[in-house]
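Engineer: just the structure for this:
(one chain, ligands or ions: 3)
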Amino acid sequence: MKKESELNNSLPVLKAAIEATVDGLLVTDKQGKVLCYNQLYVDMWPIPSELLTHASHHAILGYCAGQLRDPERFLRSIEEIYAMLAPESFDVFEFRDGRVFERCAKVKTLEGSTAVLVWSFRDITERRQGESYKAQLAAIVESSNDAIVVKDLNGIITSWNGAAEELFGYRSSEIIGSSVLTLIPPDGLEEENRIMNLIKSGKRTNHFETVRWKKGKKPIDVSVTISPVKDSAGNIIGASKIARDITQRKESQERIEYLAHYDSLTGLPNRALLADRMRIAIENASRYSFRLALLFVDLDRFKLINDSLGHEIGDKLLKAVAGRMQSTVRQTDTVSRLGGDEFIVLLGQIHTATDAAGVAEKLAAVLSQPYQIEQHKLLLTASIGISIYPDSGKDASSLMRNADASMYSAKGQGRNRYQFYSEDLTSTSVERLSLEHDLRGALARDEIFPVYQPQIELATGRVVGAEALMRWERLGQGLVSPASFIPVAEDSGLILSLGEHFLREACLQARQWHEQQQFEGTIAVNVSAVQFRQNDFTDVVLRALADTGLSPECLELEVTESVVMHGVESVAQKMRILESHGIKLAIDDFGTGYSSLSYLRQFAIDRLKIDQCFVRDLPENTDAKAIICAIVAMGLSLGLRVMAEGVETEAQARFLQDINCAESQGYLYAKPMMPNDFEAWLKSRKSGF
Ligand code: C2E
Ligand code: MG
Ligand code: MG
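Structural biologist: Ligands and ions are numbered 1, 2, ... in the order given. Just a heads-up that it's a prediction; the model follows:
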């Protein structure tokens, strides 16, 4: 009785308790009869009141299931509970409208062993959303291509993603808990501190590029954004860093930069970078009142090597040249390549022009050492033009222009030399252009013609030959020396037509003299290396002989040592063809060019012509004497005829005769003469004058 009254008393309390819970509650018996429920349960679904009056859980369930995503599963699980009466079971189910409920069912045994089922339902939609948001966020972070690193305010790494593992090379387990300084090179520490102060004040950084360390302290270029991390109360508790690997972009940027400023063949600064350096150098020189020098270096006859041995060899030679030039000047000087075989050396600070001359001499000496490129031993010289700031120009372009003009002047003077700028040089370069222009029309205007200089056998005084030398009667300018127009003709390719025309004319003249029996000797014709390089050179010569009717053994071709210097095989082949027809070959200006003499054995050479620079100093100069004696002795031992050029005095002739030099040529006998003068000279000589 007491119990009943106690129960009666406690009912309102229980009722109040049931209504106060956060769950919707329903109590049924084992068959599903509804014993009690709270208002929240009714509201949660919501369940119409007429359904509740039926007071059967099954009827209610049928209604409720209709609102769910998977009604069958829901009903099945509840059937199972009624069937098995498991003491406790949980489930989560979703509504079509997106709500999510968690269900719990507990079997409770009341006094008197009656079992009831207590069903509680809780709306967990919000919690679920939060969880899935976090999961989504984690998935996004994880799948991001950017490295994400989160650290606390002490700089300890608290989390990072897969991309960070890849970028920095540490596994999460290795790095989490370590200081972020592991990833920062020492020179980045100041920046890091500055950024952390910014973060602490709640600001974020914009993208910036910096360097970080990969595992093993390998520097990597990264682009970074750093933002503060806040807790739920809005307090800043750390920073998150998004980093992107920009090494490749940096590399291609650097590559582009490089290509824009450096010559890809030699790696030297190009014209653009040179212009930059010149601007800075001129500014400095003007501020601190010192001088600068610009050396315009052009390789002599480089085209010849390129044309005969191919570009690959040419390129290798240019690289070797670049290397030598760079190692000759100071690090603060700039060696740049303008293109082709043109280089500029900028001497950043000099005191006098003599300093520049010293460098030019050093460069010339270094460049003229033999080069071994593959199987070829090559020789090169350079012509150098020098302009000085502020003496020969106050700005970059006039310094360049004037160095260029000086270089041309150096070439015009016979190459392999340096030349300072002087005011009248600008007119020289203009002059060179007009020379080339006039030379183009010279053949058509019949301004080119040969003169002849006799060649004498020393022992007998007999005229054994004549050298045909080219002359140009330039319109309104008189006779132009071959020394000044042959280089221009070679550079412009005009030498091919000039040379062929000249060869035919000389051959024709010789045949006529032979026919008229005025002269029986050989006719010597100078051949430029550019002509000799042509594939059809031997055809050109043979055709000239056939067309003019001169017999081949009366023709001697004079080539300089530069011809035998490169392209040995093709040269040898051409020489063999010429020799097989009886044509003779002489090495002109012997002693001034190639240092190796082995080619003398290799090629079919008939005669050596000792350069006039040795003869000039005879008979006083002992060095000249020694050299000439050696050449003559060597020629004799190789079965070659030796001729001395530029013989001007009896004393020279006597000396040469004494040492058994076979032949000579020079003003002592006659200057080069027009054909009719040559004929008259021959006659007078025969008649004893
Ligand atoms: P080279 O073939 O060595 O010719 C000899 C040069 O010495 C000639 O100068 C000649 O006039 C000069 N000479 C001769 N005897 C004496 C002397 O006793 N004293 C002095 N001081 N000089 C003497 P030239 O005619 O002015 O020719 C200069 C160079 O031009 C030639 O040197 C040759 O390399 C080149 N050359 C001339 N004609 C031709 C040509 O038809 N074709 C080619 N490719 N080059 C030519
Ligand atoms: Mg000659
Ligand atoms: Mg000569």
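Engineer: so, low pLDDT: which residues of the stretch 351-500 of the chain?
Structural biologist: Residues of the stretch 351-500 of the chain meeting the criterion pLDDT under 70: 423-430.
Engineer: try it again with 80
Structural biologist: 412-416, 422-434, 476 (pLDDT under 80).
Engineer: with the stretch 151-300 of the chain instead?
Structural biologist: Applying pLDDT under 80 to the stretch 151-300 of the chain picks out residues 232, 249-250, 252-257.
Engineer: strands along that one, start to end?
Structural biologist: Listed in chain order, the strands of the stretch 151-300 of the chain (DSSP state E, counting those that start in this stretch) span 157-160, 208-214, 218-230, 236-245, 291-299.
Engineer: got the contact list for G177?
Structural biologist: Counting by C-beta atoms under 8 Å, 6 or more residues apart in numbering, G177 touches I156, I157. (Glycine included, C-beta is placed from N, CA and C.)
Engineer: repeat that for C36.
Structural biologist: For C36, counting by C-beta under 8 Å, 6+ apart, the contacting residues are I18, L25, L26, V27.
Engineer: by neighbour count, which of those wins?
Structural biologist: Most neighbours among these, by other C-beta atoms under 10 Å: L26, with 22 neighbours.
Engineer: before we move on, which element is that residue in?
Structural biologist: Using DSSP states H and E, L26 falls within strand 24-29.
Engineer: gap between C104 and A86?
Structural biologist: Taking C-beta to C-beta, to the nearest Å as the measure, C104 falls 12 Å from A86.
Engineer: which one's more surrounded, those two?
Structural biologist: Of the pair C104 and A86, C104 is the one with more neighbours under other C-beta under 10 Å, namely 14 against 11.
Engineer: any idea how far the more buried one is from ligand 2?
Structural biologist: Distance of C104 to ligand 2, computed by C-beta to the ion, to the nearest Å: 117 Å.
Engineer: from now on call the first residue 47
Structural biologist: Sure thing, new numbering starts at 47, so read that last one as C150.
Engineer: so that residue sits right up against E134, yeah?
Structural biologist: Yes - using C-beta atoms under 8 Å, C150 makes contact with E134 at a distance of 7.3 Å.
Engineer: and stretch 616-627, what's buried?
Structural biologist: V617, K620, M621, I623, L624, E625 (16 or more other C-beta atoms under 10 Å).
Engineer: what's the spacing between that stretch and its chain's center?
Structural biologist: Relative to its chain's centre, stretch 616-627 lies at 42 Å (C-alpha atoms, centre = their mean, to the nearest Å).
Engineer: what residues does the stretch 97-246 of the chain have near ligand 2?
Structural biologist: Within reach of ligand 2 by C-beta under 5 Å from the ion, the stretch 97-246 of the chain has no residues at all.
Engineer: OK, now which residue of the stretch 97-246 of the chain is nearest to ligand 3?
Structural biologist: Nearest to ligand 3, among the residues of the stretch 97-246 of the chain, is D233, at 65.7 Å (C-beta to the ion).
Engineer: quick one: that residue and R290, what's the gap?
Structural biologist: Noted for D233: a distance of 21 Å to R290, by C-beta to C-beta.
Engineer: of those two, which one has the most company?
Structural biologist: Per other C-beta under 10 Å, whichever of D233 and R290 has more neighbours is R290, with 18 against 9.
Engineer: what's the domain layout of this protein?
Structural biologist: The chain is divided into the following domains under automatic domain parsing: 48-169, 190-297, 308-467, 488-729.
Engineer: quick check: bridge partners of the closest residue to L341 other than its chain neighbours?
Structural biologist: The shortest distance from L341 to any residue other than its chain neighbours is 4.1 Å, reached at V391 (C-beta to C-beta, 6 or more residues apart in numbering). On the basis of DSSP bridges, V391 is bridged to L341, V381.
Engineer: quick one: V391 and L409 touch, right?
Structural biologist: Yes - under the criterion of C-beta under 8 Å, V391 makes contact with L409 at 7.1 Å.
Engineer: list residues touching both of those two?
Structural biologist: Common neighbours of V391 and L409 (criterion: C-beta under 8 Å, 6+ apart): L341, V343, M371, V375.
Engineer: tabulate those (TSV), appending distance to ligand 2 and neighbour count.
Structural biologist: Below are the shared contacts of V391 and L409 laid out as TSV (distance: C-beta to the ion, whole Å; neighbours: other C-beta atoms under 10 Å):
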residue	distance to ligand 2	neighbour count
L341	32	27
V343	28	27
M371	33	24
V375	37	19
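Engineer: tell me the two of these that are most distant?
Structural biologist: Spanning the widest gap among the shared contacts of V391 and L409 are V343 and V375, at 10.9 Å by C-beta to C-beta.
Engineer: shared neighbours of those two, which are they?
Structural biologist: Taking C-beta under 8 Å, 6+ apart as the criterion, V343 and V375 both touch V391, L409.
Engineer: surely N706 touches V678?
Structural biologist: Yes - at 6.2 Å, N706 counts as touching V678 under the criterion of C-beta under 8 Å.
Engineer: show me which of these two is the more surrounded one.
Structural biologist: Shown here are N706 and V678; by other C-beta under 10 Å, V678 has more neighbours (20 against 14).
Engineer: what sits against the more buried one?
Structural biologist: Shown in contact with V678 (C-beta under 8 Å, 6+ apart): I656, V688, L702, I705, N706, C707.
Engineer: ok, of those, which come out buried?
Structural biologist: Buried by 16+ other C-beta under 10 Å: I656, V688, L702, I705, C707, out of these.
Engineer: coming back round to it: adding distance to Q182, write the domains of the chain out as TSV.
Structural biologist: Formatted as TSV, the domains of the chain follow (distance: least, C-beta to C-beta, whole Å):
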stretch	distance to Q182
domain 48-169	15
domain 190-297	13
domain 308-467	50
domain 488-729	74
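Engineer: so which of those domains is nearest K180?
Structural biologist: Among the domains of the chain, domain 190-297 comes nearest to K180, with 12.5 Å by C-beta to C-beta.
Engineer: closest one to R478 among the domains of the chain?
Structural biologist: domain 308-467 (5.3 Å).
Engineer: how long is that closest one end to end?
Structural biologist: Taking C-alpha to C-alpha, to the nearest Å, domain 308-467 runs 27 Å from one end to the other.
Engineer: could you see whether ligand 3 lies near it?
Structural biologist: No - Domain 308-467 is not in contact with ligand 3 by C-beta under 5 Å from the ion; minimum separation 12.1 Å.
Engineer: mind checking how far H483 is from L540?
Structural biologist: Look at H483 and L540: by C-beta to C-beta, they are 11 Å apart.
Engineer: ok, Y308 next?
Structural biologist: 35 Å.
Engineer: could you do P232 as well?
Structural biologist: In terms of C-beta to C-beta, P232 sits 65 Å off from L540.
Engineer: who has more neighbours out of those two?
Structural biologist: Legend: neighbour count by other C-beta under 10 Å for P232 and L540, higher for L540 (19 against 8).
Engineer: that one contacts L485, correct?
Structural biologist: Yes - between L540 and L485 there is a contact under C-beta under 8 Å: 5.8 Å.
Engineer: those residues of the stretch 447-596 of the chain touching ligand 2, which are they?
Structural biologist: N572.
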